[in-house]
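**Student:** Structure of the sequence below:
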Amino acid sequence: MLNRLLSTLPFLEVLLRNLYWRNTAINRIANYFSKKSRHPLPPPTKSNTNNANAFFEDVSRLGIGSGDILIVHSSFGELKKFGLTPKEVITRLLSIIGETGTLVMPAIPIFREAPPAEKRFDSSLFSKPFIYNVKKARIWTGALPQALISTPGSVRSRHPLNSIVAYGAHAENMVARELTSKNNSPCGEGSTWAYCYEHNAKILMIGVDVVHSLTMIHVAEDLFPEQWPIANWYRKRQFRIIDDGFDEMVEVSERRPEWALFYAERGFSKDLHKAGVIKTSLSENINLSVIESAQLIDFLNSKKHSGYPYYIPFWLK
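**Tutor:** Below is the predicted model:
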């Protein structure tokens, strides 16, 4: 009911998000009730090969196959009922795209220097360089990306923002031009996300909210900056990046975090479904969604004159 209301009234969603993040008391109260309302996941069951086989067959029926670049955003908790380990899930996904395909997952690092989330709007706390050790940095994006990082032959992104891990035919080329552009934005020229868009990667969501996890949308902002209508969109940040023999200070562009407060994701979700950009399915009681990168960015580029899918008051543009 609430999501339906917010999809119709984007200004209300933006108002609620601003209240949540800009008011410490409201933030704490909301987090308290959110934790109280969570239900523990059921314990993992014994391996059910038939159900697992049916699930991954349904994934392939969504148009995913040999040679694809496949970006996966997934909740491993949803897959535990099959009794598979994260590495076994990785193996199943790789079998769908074959030796000529490439599996990509977000592998966003945890920075020891990072302040609490509610302090992210204070730019002074980000003025000193953060350290990103590519081989050693822990990630917060889950068990499946961690399993892919541990897979021999996988490649990890050097860009410290919206980092990925990739395995397969395109992996080396995907990261080859990172941090070589003027702006070094995480989804702009030379980035892994731009590479995925340019090769029309397919995006698979397993048991997660599509628009809440859809990193690819930032390609529309970062790769085509001359078309983006919002001024002062980025801030500059410094990182020390360590990767084997590579040890350098790098400046990157990051979307100012306050702009995220104007992301009208529920209305965006409704629009994507209405336009047929998302293919959806329910398999073994798990929600599946697939989006083609090129179609998504074309859709966004057709609307970006207004800053879509952000609902930003005119006096802030």
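**Student:** From now on I want contacts and neighbour counts done on CA atoms only, so please keep to that.
**Tutor:** Fine.
**Student:** Would you mind naming the residues that bridge with residue 164?
**Tutor:** Per DSSP bridges, the residues bridged to residue 164 are residue 106.
**Student:** For residue 72, see how far away it is.
**Tutor:** 11 Å (C-alpha to C-alpha, to the nearest Å).
**Student:** Now do the shared contacts for those two.
**Tutor:** By the contact definition C-alpha atoms under 8 Å, 6 or more residues apart in numbering, residue 164 and residue 72 are jointly contacted by 104, 105, 106.
**Student:** Let me have those in CSV, extended by pLDDT.
**Tutor:** Conversion of the shared contacts of residue 164 and residue 72 to CSV gives the following (pLDDT from 0 to 100):
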residue, pLDDT
104, 99
105, 99
106, 98
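**Student:** can you pull the buried residues of stretch 50-70?
**Tutor:** 52, 55-56, 58-59, 62, 64-70 (16 or more other C-alpha atoms under 10 Å).
**Student:** oh sorry, the question was meant for stretch 191-199
**Tutor:** Neighbour-count burial for stretch 191-199, counted by 16+ other C-alpha under 10 Å, picks out 191, 192, 193, 194, 195, 196, 197.
**Student:** So what does the third one look like in phi/psi?
**Tutor:** So the one you mean is residue 193. Note on residue 193: backbone dihedrals following degrees, to the nearest 10 are phi -70, psi -40.
**Student:** didn't it look like it was pressed against residue 187?
**Tutor:** Yes. If you go by C-alpha atoms under 8 Å, residue 193 and residue 187 touch, sitting 5.1 Å apart.
**Student:** Mind listing residues that contact stretch 224-239?
**Tutor:** Residues outside stretch 224-239 that contact it (C-alpha under 8 Å, 6+ apart): 126-132, 160, 188, 221, 249-256, 259, 304-307, 317.
**Student:** Would you mind listing the outside residues contacting stretch 140-149?
**Tutor:** By C-alpha under 8 Å, 6+ apart, stretch 140-149 touches 74-76, 86-87, 89-90, 105-110, 139, 154-156, 165-167.
**Student:** check contacts around residue 266.
**Tutor:** Contacts of residue 266 by C-alpha under 8 Å, 6+ apart are 3, 4, 6, 7, 10, 13, 211.
**Student:** I'd like to know which of the residues you listed are buried.
**Tutor:** Listed as buried from the contacts of residue 266 are 6, 7, 10, 13, 211; burial here means 16+ other C-alpha under 10 Å.
**Student:** element containing the first one, please.
**Tutor:** Following DSSP states H and E, the helix or strand that holds residue 6 is helix 2-8.
**Student:** Then residue 58?
**Tutor:** When elements are assigned from DSSP H and E, residue 58 belongs to helix 49-61.
**Student:** Can you show me the strands along the stretch 51-200 of the chain?
**Tutor:** With strands called from DSSP state E, counting those that start in this stretch, the stretch 51-200 of the chain shows them at 69-74, 102-106, 130-133, 155-156, 164-168.
**Student:** Of the contacts of stretch 224-239, which qualify as buried by neighbour count?
**Tutor:** Among the contacts of stretch 224-239, those classed as buried by 16+ other C-alpha under 10 Å are 126, 130-132, 160, 188, 221, 251-255, 259, 304, 307.
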